[in-house]
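Asker: Coordinates for the following, if possible.
(one chain, ligands or ions: 3)
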Amino acid sequence: MPPPTCLRVALPVPLPRLFDYLPPAGTGAGPGDVGRRVRVPFGPRELVGGGAAPGEPEPGVEPRPALGFPDPEPLFSGELLDSLRWLARYTHAPLGEVLATALPAPLRNGEPLPDTHAWAWHLTKAGATGLGGLRRGGRPRALAERLAAGPCGEDQLDLELEDWREAARALARRGYAERVAVPARAAAPAPRPGPEPNPEQQEAIAAITTARGFTPLLLEGVTGSGKTEVYLHAIAQCLARGRQALVLVPEIGLTPQTLERFRARLGVPVHALHSGLADGERARVWTAAWRGEARVIVGTRSAGFTPLPEAGLIVVDEEHDGSYKQQDGIRYPARDLALARGKALDGPVLLGSATPSLETLHNARAGRYRHLRLRRRAGEARPPAVRIVDVRKRPLQAGLAPETLQMMEAALRDGGQVLVFKNRRGYAPVLLCHDCGWSAHCPRCSTQVQATPMTVHAGGGRLVCHHCGHRQPRPQACPACASLALQPQGVGTERLEELLAERFSAWPVLRIDRGTTARRDGLQKLLAELGDAPGILVGTQILAKGHDLPNLTRVVVVGVDEGLFSSDFRGGEKLAQLLVQVAGRAGRARKPGEVWWQTHHPDHPLLHALISGGYDSFATAELELRRAAAFPPFAHLALMRAEAARAEAAGAFLRAARQRLEQAAQAGGHAVELHGPVTAPMARRAGHYRMQLLLSATQRRALHACLDAALPALYALPEARRTRWSLDVDPQDL
Ligand code: ADP
Ligand code: ZN
Ligand code: ZN
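Answerer: Ligands and ions are numbered 1, 2, ... in the order given. Got it, this is the predicted structure:
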């Protein structure tokens, strides 16, 4: 049989098909090209795609020759390629777009694989003798002294010394220090032993390390129960077997603290992958993993695409966290990708959480996942006591009840720290004219019923839309009646900070939200400033997880009610998770903790379930509601969204889509229900009208079969050209 004449290529274009090319001049097409990057001409452009399969051109089509292969061998093969094909089927996205999403930007653009050795600094002879001449207390002197103790990797310097790079350049100019390439595996400190695991931890560690074949495990344990210790032991054993480990952490969980703990304990270099890294650095880590040099990779959502030629374990920490779901482009769920990879790898996948998602809990209770539990806090910490504060008819100051303020003062006098949690950034959620009732709204956004209010920021000086980012200066006078009686209404974190600083002027008040922690190390610096001294932290959910604050003894949740009546079907789940996670911040060390929930609805069943039976009993009740209402995990949803500058265009596309989907469901006998099209809850965002169509099915297979059958026709609809549309399988909110 003659060899196949062309290569079918998956390209990063929004078309559900492969494209045929002749092999680059001087090569042939073969099975070895599957998963290989290939540069091809596409119209007037040049694209980088991935070989999908060797094949024959369709009759009458004259394929163009590909331009070349950037690599001698496939970047995608074996398990990773299988998993990405799974992801393409799951998201119904073109394979070429999935392959592109899996690559760091430089590799996606066709750049060659980067060098992956690590860099270290060492002192030269001249440096060793000249060190004493450097100014005492200066950064170059501090660095030189550190290097006098031995060469040091750049990763390690990042952790040990502030602004060391500039100091290193100064030393290099004098010929005192040199930068040298070292093998990635070499640069790591000797492992440091941790605490002896308690019996529950031992049981969990044994279950993970003795698992054979694909084994999903749920490790459920409250904050501070020692889950990370379990991960560390399981990873250490995985390394001892000569295997790689991948750890996914939520966006806000990947702190220098976390990385330092992993590095110090494991005694191998730990590679971090997150959105704060430069593109080149991400490509370097990705490639180091592909070459098998990186043995432990800790990263956020996109690290789920890391190649693991010698995989031994995948961990998903805080598996319920919303940041695992990509919300634009290809809407992939990193946790489910991790599970799919574990299946393709035939290995263990460990999901950890204090508040597992209802999907995961349902799977564990049904016996599909092994359910491991840590019921007690490790070490000496005790669980915090929860207290409901009924604020009905109470005079509030800065949104806080008198007894809450008293409690805070007592805790501060006692030398403790208090966290006040409020899930609203900015100064005030609304700017209102007291004379005529006018309020500031975003000119470009609205819900189904009204334009959305602009949030007051910068101490009252600026208006910002939290939906589209639109900003404008605060008007001096009311645009409707020219009155000067414009008043910020309600309380955001900025105003809370201001009011608390006034009320508790003897103590520092620190605001922690996206505004004050825009820089990656911003939070770290703020917390270091405060140290263990008594003081108040005011923050949004950034504070819910990941930072050890041993002296934090009281937590106050101000805005419980905002979450109680959410229209989103996951609203209750998200609120319960948040309340439990925030509570977990209190009393991490020896000092006992207390958590105060302020609410106008002290009898709400959600709060009662949480207090009387903890997250477990909340979850049991909530799962019953979901079953009764046929919502996930008892049904499977997909949301088709469309937006356009003209409202009619979005609706027209979705009506046509609905018709095709109905036909497909009927023809194939797939039991799928269609709801809509309806206006999206955010009916207009950044000036675009938004509509949506919901698909629901009790069998996941039916949902996918129906989409598979109908989607190709949807791409071809004339209405599709007049709107921007997307598909979200298992949407986080509707
Ligand atoms: P989690 O990840 O569940 O929040 P960690 O693993 O971070 O919990 O543990 C919380 C704290 O308890 C850490 O300071 C850790 O060092 C300590 N710890 C964990 N396990 C033990 C143990 N078996 N004995 C003593 N201290 C422990
Ligand atoms: Zn007015
Ligand atoms: Zn807006």
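
Asker: burial count for the closest residue to ligand 1 within the stretch 601-734 of the chain?
Answerer: Taking Cβ to the nearest ligand atom as the measure, the stretch 601-734 of the chain has Y615 as its residue closest to ligand 1, at 13.8 Å. Where you see a C-beta, it was placed from the backbone N, CA and C, and this is true even at glycine. Y615 has 22 neighbours, counted by other Cβ atoms under 10 Å.

Asker: try S505
Answerer: 8.

Asker: which residues sit in contact with it?
Answerer: Counting by Cβ atoms under 8 Å, 6 or more residues apart in numbering, S505 makes contact with nothing.

Asker: returning to what we had before: average pLDDT across the helix or strand hosting the residue of the stretch 601-734 of the chain closest to ligand 1?
Answerer: Element membership of Y615, judged by DSSP states H and E, is helix 605-629. Helix 605-629 shows a mean pLDDT of 92.

Asker: what are the pairing partners of the helix or strand following that helix, and which direction each?
Answerer: The first helix or strand that comes after helix 605-629 along the chain, using DSSP H and E, is strand 636-644. Its sheet considered, strand 636-644 pairs with strand 688-697 (antiparallel), strand 724-729 (antiparallel) by DSSP bridges.

Asker: neighbouring contacts of strand 636-644?
Answerer: Applying Cβ under 8 Å, 6+ apart, the external contacts of strand 636-644 come out as 631, 649-651, 653-654, 657, 677, 680, 685, 688-700, 703, 707, 722-731, 734.

Asker: Give me the buried entries from those residues.
Answerer: Buried subset of the contacts of strand 636-644 (neighbour count, 16 or more other Cβ atoms under 10 Å): 631, 649-651, 653-654, 657, 677, 680, 685, 688-697, 703, 707, 722-723, 725-731, 734.

Asker: Which ones, among those residues, also lie beside ligand 3?
Answerer: Near ligand 3, judged by Cβ under 5 Å from the ion, there are no entries from the buried ones among the contacts of strand 636-644.

Asker: Now do the same contact list for the residue of the stretch 601-734 of the chain closest to ligand 1.
Answerer: 354-355, 576-577, 580.

Asker: any low-confidence regions in this protein?
Answerer: Residue ranges of the chain with pLDDT under 70: 1-3, 184-189, 378-382, 514-522, 542-548, 587-590.

Asker: residue nearest the centroid of it?
Answerer: S323 (2.8 Å; Cα atoms, centre = their mean).

Asker: for that one, phi and psi?
Answerer: phi -70, psi -10 (degrees, to the nearest 10).

Asker: What is the burial count for the residue in the stretch 251-400 of the chain that ligand 2 sits nearest to?
Answerer: Residue of the stretch 251-400 of the chain nearest ligand 2, by Cβ to the ion: G399 (25.3 Å). For G399, the neighbour count with other Cβ under 10 Å is 20.

Asker: That one is in contact with G492, isn't it?
Answerer: No. When contacts are counted by Cβ atoms under 8 Å, G399 is not listed as touching G492 (10.0 Å).

Asker: Are there residues contacting both of those two? Which ones?
Answerer: Common neighbours of G399 and G492 (Cβ under 8 Å, 6+ apart) are K422.

Asker: Now L259. Nearest residue, chain neighbours left out?
Answerer: Distance criterion Cβ to Cβ, 6 or more residues apart in numbering; nearest residue to L259, sequence neighbours excluded, is A272 at 5.6 Å.

Asker: and the one you found, bridged to which residues?
Answerer: Beta bridges link A272 to V298, judged by DSSP bridges.

Asker: Name the residues that touch the longest strand along the chain?
Answerer: Counting residues, the longest strand found in the chain (DSSP state E) is strand 673-685. For strand 673-685, the surrounding residues in contact (Cβ under 8 Å, 6+ apart) are 444-448, 452, 467-468, 567, 641-643, 650-651, 654-655, 658, 661-662, 665, 689-697, 734.

Asker: re the thing from before, looking at the strands paired with strand 636-644, spot the one closest to ligand 2.
Answerer: Ligand 2 lies closest to strand 688-697 among the strands paired with strand 636-644, at 28.9 Å (Cβ to the ion).

Asker: My read is that G51 contacts E73, right?
Answerer: No. Under the criterion of Cβ under 8 Å, G51 is not in contact with E73, lying 11.1 Å apart.

Asker: The two: which is more packed in?
Answerer: Neighbour totals were compared for G51 and E73, and G51 leads with 27 against 11 (other Cβ under 10 Å).

Asker: So for the helix or strand hosting that one, what gets flagged as buried?
Answerer: For G51, the host element (DSSP H and E) is strand 45-55. Within strand 45-55, the residues that count as buried by 16+ other Cβ under 10 Å are 47-52, 54-55.

Asker: Give the pairing partners of whichever strand or helix holds R511; include direction for each.
Answerer: For R511, the element it lies in under DSSP H and E is strand 509-512. In the sheet, strand 509-512 lines up against strand 535-539 (parallel) (DSSP bridges).

Asker: Toward the C-terminus, what is the element adjacent to the strand it pairs with?
Answerer: strand 552-557.

Asker: Parallel or antiparallel, list what pairs with that following strand.
Answerer: strand 417-421 (parallel), strand 594-599 (parallel).
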